[in-house]
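Asker: need coordinates for the below:
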Amino acid sequence: MTGTPGVSGWAQVHEFTPEDPEKTLARGHLFAVVSTKKSQDPSIDTISAGRELISRLHEEYFGNLEAKPFNALSSAVEKVTKEFKEGWGGVEIVASAVVGGIVYSVASGGGRVLIAREGAIGTILTSTEELVAASGFPKAGDMLLMATKSFFENITQEVINNALEFENPSSAIESFAPTVHATGDLGSLGTVVVKFGEKQVFEQVSPVEDQPAESVPPSSKPEYFKNVRNKVFAFANGLIEKLPKKSVYVKSPFNEDAVSQSKKLTFSVALILLLVLAVSIGFGIRQKRINDTKEKYRGILAEAQSEVDQAIGLASTSPERSRELFVSSVGKLKEIETLGVKDEKVDDLRKKIDDSRAAILGEYLSPSSLFLDLSLLSSGFRGEEIAASGGEIYILDTSGKRLVSVSFETKKSKVVAGPAQIDEAFGLASYEDRAFVLMSDGIYEVGATKDKVIDKSWDGDALIKAFAGNMYILDKSGGAIYRYQSQGSSFGDRGLWLAAGTSVDFSDAGSWVIDGAVYVLYPNSKILKYSLGSPQAFSVSGVIPEIGTVDALYADADNTGLYLLDRAGKRVVVIDKKGKYVAQYTGDQIENATNLVVSETDRKIILLTGDKLYSLDIKHIQ
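Answerer: This next block holds a predicted model:
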């Protein structure tokens, strides 16, 4: 549904499936809603303008089949939004692609995507000016609603909830019509409702076993019950015919006893026959359920077996495709398990998936072990900042104004500084056996003595890091990175590290790391990379499932990977320095962690949870 174009703008909806099988396999079924404020240029026709935008969206999304669908869709929406935004004064795009049983959704400019599942309504994503993206596995019966900002401003949540209770998308769309037509100019309103049907089971190349001899083919079930019933009644009639026939005389008291006994015997036989009939029917119903279940899961099982075998075969030559097939097979196994099936082939599939999980996904279940209880070093200690260098870990309690150090290798620990040296603390950096604390008037080295090493020359908040003996300061309000070169125990004058002409907004920067290059993490999980002072193209790719939020990151020159803390996903994800997926670790304390440091030399990931340090063993490095 779209509103009537007017002074408020216009909207168009689009649906497309490629005819080329290769493109269909790689890019799937595309749905999109686009809208904009009406252009001030009266010569621009809304229909042709919409076609132009959609054409560009097609070029970007379907043009390069090598990129993953999630990355391709995100990139396409981002590029097209930027291209048309300047000329049109604002563009909204909401797009979803269904590829290989996964839904990828992207939105920008204010649009949203909702999902209705089993009576509940959930928001998949809500965009602002920034692009947002998400992915997930749909279920049969799910309803997906994609709409522009104007839709949600004019259609109440109650109307949306009632609409998504309908059995089909057409009825849902029709229920919005009265509100849309009764309201004024809603030219920029647009929405699409998609419903997911039952999964189709396709004919498999691999053979499927014949049904067991005792199973009842679906086509013969009515005849089966009829035969059971006829056999039971035939048996009953024969049994009654064989009962002794006795003459009955009303006036004889002895004959009355005979009649009574005969009635009891007849009643007992009838009761037994009813019981036999009930048991037979029960067995028939049970067998029918077994057969129905087998028919339902056999096709899914064959697909899952084929996918996991392909995944194993492609693990070394095409890791990303291997992971996609593997995740799909895991989803099918879970679907079979919900049916309560007991089958050796299902057990074999489960074992094959478990045995190959680490090799294909690089996914390791690494139970967290207590590395050190920090409260034993200093009562009430609660770590908020952590840094590592030269085999030493430094943890800063900013509220308690205390700093402790711990050895990666030996766990030997000590209190480095307390409130006598730390008047206030806003940041922490370390290099080898030296620890530095950011205070309101500059940076101090603390430990045996307290020495001011850098005077404050920036406004507002800053982040600090030490690398290769030099001190680096990220000026959040000034949009700059300063480098202070080492001069023995002190530092020289500051110099600009970013290349001339580089303009960056660091105001929302949450944390950063340096390994020669600089990586800056923002609250929306965006990571910016700079090398030799210049911005570099960088994006995280190949992670399944996609990371929703990156809570912290760690890198240094001694490690080959960049480590991302995903608390919601209860995992630590490892990527290489170009952003490509390498491995991931799951553990019981990850969701409680606030930060991390890593030593690949000691094969340890150290998690900070406040008053404790936990460790995960690194297994992906041989």
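Asker: could you pull out the buried residues of stretch 74-84?
Answerer: Buried residues in stretch 74-84, defined by neighbour count with 16 or more other C-beta atoms under 10 Å: 74-78, 80-81, 84. For glycine as for every other residue, the C-beta is placed from the backbone atoms N, C-alpha and C.
Asker: using the three-state scheme, assign the residue nearest the centre of the chain.
Answerer: Note on the chain: the residue nearest the mean C-alpha position is P545, at 4.3 Å, using C-alpha atoms, centre = their mean. At P545 the chain is in coil, as set by DSSP: H, G, I helix; E, B strand; the rest coil.
Asker: ok, and the closest non-adjacent residue to it?
Answerer: S135 (6.7 Å; C-beta to C-beta, 6 or more residues apart in numbering).
Asker: okay, and for the stretch 1-150 of the chain, where does confidence drop off?
Answerer: 38-47 (pLDDT under 70).
Asker: please apply the same query to the chain.
Answerer: Checking the chain against pLDDT under 70 turns up 38-47, 199-264, 284, 286-296.
Asker: quick one: the helices in it?
Answerer: 21-27, 46-63, 69-88, 149-154, 157-163, 169-182, 221-241, 253-314, 319-337, 344-361 (DSSP state H).
Asker: mind putting those helices in a markdown table, distance to L562 included?
Answerer: Shown next, in a markdown table, are those (distance: least, C-beta to C-beta, whole Å):
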| stretch | distance to L562 |
| --- | --- |
| helix 21-27 | 28 |
| helix 46-63 | 27 |
| helix 69-88 | 18 |
| helix 149-154 | 35 |
| helix 157-163 | 40 |
| helix 169-182 | 42 |
| helix 221-241 | 59 |
| helix 253-314 | 25 |
| helix 319-337 | 17 |
| helix 344-361 | 18 |
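Asker: which one of the ones you listed lies nearest to G101?
Answerer: Of all the helices of the chain, it is helix 319-337 that lies closest to G101, at 6.1 Å by C-beta to C-beta.
Asker: show me what counts as buried in the closest one.
Answerer: The neighbour-count check on helix 319-337 (16+ other C-beta under 10 Å) flags 319-320, 322-330, 332-333, 335-336 as buried.
Asker: closest one to R382 among the helices of the chain?
Answerer: Comparing the helices of the chain against R382 with C-beta to C-beta, the closest turns out to be helix 344-361 (34.8 Å).
Asker: what angle do helix 319-337 and that closest one make with each other?
Answerer: Helix 344-361 and helix 319-337 are oriented at 150 degrees to each other (axes from the mean of the first three to the mean of the last three C-alpha atoms, to 10 degrees).
Asker: got the contact list for T24?
Answerer: By C-beta atoms under 8 Å, 6 or more residues apart in numbering, the contact list for T24 reads 17-18.
Asker: then L532?
Answerer: A499 are the contacts of L532 under C-beta under 8 Å, 6+ apart.
Asker: what's the spacing between it and D558?
Answerer: Distance, L532 to D558, using C-beta to C-beta, to the nearest Å: 20 Å.
Asker: do the same with L57
Answerer: Distance, L57 to D558, by C-beta to C-beta: 44 Å.
Asker: now do Q12
Answerer: 53 Å.
Asker: the two - which one has more neighbours?
Answerer: Between Q12 and D558, counted using other C-beta atoms under 10 Å, the more crowded position is Q12 (19 against 14).
Asker: now the more buried one: closest residue in space, sequence neighbours ignored.
Answerer: In space, and not counting its chain neighbours, Q12 is closest to G50: 4.0 Å by C-beta to C-beta, 6+ apart.
Asker: pretty sure the one you found is touching V33, no?
Answerer: No. Here G50 does not reach V33: they are 10.8 Å apart, not a contact under C-beta atoms under 8 Å.
Asker: please enumerate the shared neighbours of those two.
Answerer: Q12.
Asker: more neighbours, those two?
Answerer: Each of G50 and V33 has its neighbours counted (other C-beta under 10 Å); V33 has more, 26 against 20.
Asker: for the more buried one, list each beta-bridge partner.
Answerer: V13, V94 (DSSP bridges).
Asker: residues touching it, list them.
Answerer: V33 makes contact with 11-14, 92-95, 111, 146-148, 190-192 under the criterion C-beta under 8 Å, 6+ apart.
Asker: likewise for V99?
Answerer: By C-beta under 8 Å, 6+ apart, the neighbours of V99 are 26-29, 69.
Asker: bridging residues for P535?
Answerer: Y530.
Asker: how many neighbours does it have?
Answerer: 15.
Asker: G390 now?
Answerer: 12.
Asker: backbone dihedrals for it, please?
Answerer: phi 60, psi 30 (degrees, to the nearest 10).
Asker: for K465, see how far away it is.
Answerer: On the measure of C-beta to C-beta, G390 and K465 end up 14 Å apart.
Asker: next one: S188
Answerer: 45 Å.
Asker: who has more neighbours out of the two?
Answerer: Taking other C-beta under 10 Å, S188 and K465 do not tie; S188 has more neighbours (26 against 23).
Asker: wait, isn't the more buried one in contact with G3?
Answerer: Yes. S188 is within contact range of G3, at 6.8 Å (criterion: C-beta under 8 Å).
Asker: so who does the residue nearest to D441 when sequence neighbours are not counted touch?
Answerer: Distance criterion C-beta to C-beta, 6+ apart; nearest residue to D441, sequence neighbours excluded, is K456 at 5.2 Å. K456 sits next to 440-442 when contact means C-beta under 8 Å, 6+ apart.
Asker: domain assignment for this protein?
Answerer: The record's domain split for the chain, according to automatic domain parsing, is 10-195, 218-361, 369-617.
Asker: for the helices of the chain, which one sits closest to Q536?
Answerer: helix 69-88 (16.5 Å).
Asker: tell me what angle that closest one forms with helix 319-337.
Answerer: Using the same axes, to 10 degrees: helix 69-88 against helix 319-337 is 110 degrees.
Asker: what packs against helix 69-88?
Answerer: helix 21-27, helix 46-63, strand 91-99, strand 102-108, strand 132-136 (3 or more C-beta pairs under 8 Å, 6 or more residues apart in numbering; DSSP states H and E).
Asker: other SSEs contacting the shortest one?
Answerer: Here strand 132-136 touches helix 69-88, strand 102-108, strand 120-126, going by 3+ C-beta pairs under 8 Å, 6+ apart.
Asker: neighbouring strands - and their directions - for that strand?
Answerer: Going by DSSP bridges, the partners of strand 132-136 are strand 102-108 (antiparallel).
Asker: now do the strand it pairs with: distance to the chain's middle.
Answerer: How far strand 102-108 lies from its chain's middle: 12 Å, per C-alpha atoms, centre = their mean, to the nearest Å.
Asker: angle of that strand against strand 91-99?
Answerer: Using the same axes, to 10 degrees, strand 102-108 lies at 170 degrees relative to strand 91-99.
Asker: list of residues touching strand 102-108?
Answerer: For strand 102-108, using C-beta under 8 Å, 6+ apart, the contacting residues are 69-70, 73-74, 77-78, 81, 91-97, 113, 124-127, 129-138, 144, 146.
Asker: count of neighbours near F62?
Answerer: By the criterion of other C-beta under 10 Å, F62 has 17 neighbours.
Asker: would you confirm that it contacts K23?
Answerer: Yes. Between F62 and K23 there is a contact at 5.9 Å, judged by C-beta under 8 Å.
Asker: please report how far T586 lies from P367.
Answerer: T586 sits at a distance of 9 Å from P367 (criterion: C-beta to C-beta).
Asker: so which of the two has more stuff around it?
Answerer: Higher neighbour count among T586 and P367: T586, with 18 against 11, using other C-beta under 10 Å.
Asker: bridging residues for the more buried one?
Answerer: Under the criterion used (DSSP bridges), T586 bridges to L365, R571.
Asker: ok, now how distant is it from S369?
Answerer: Distance of T586 to S369, computed by C-beta to C-beta: 14 Å.
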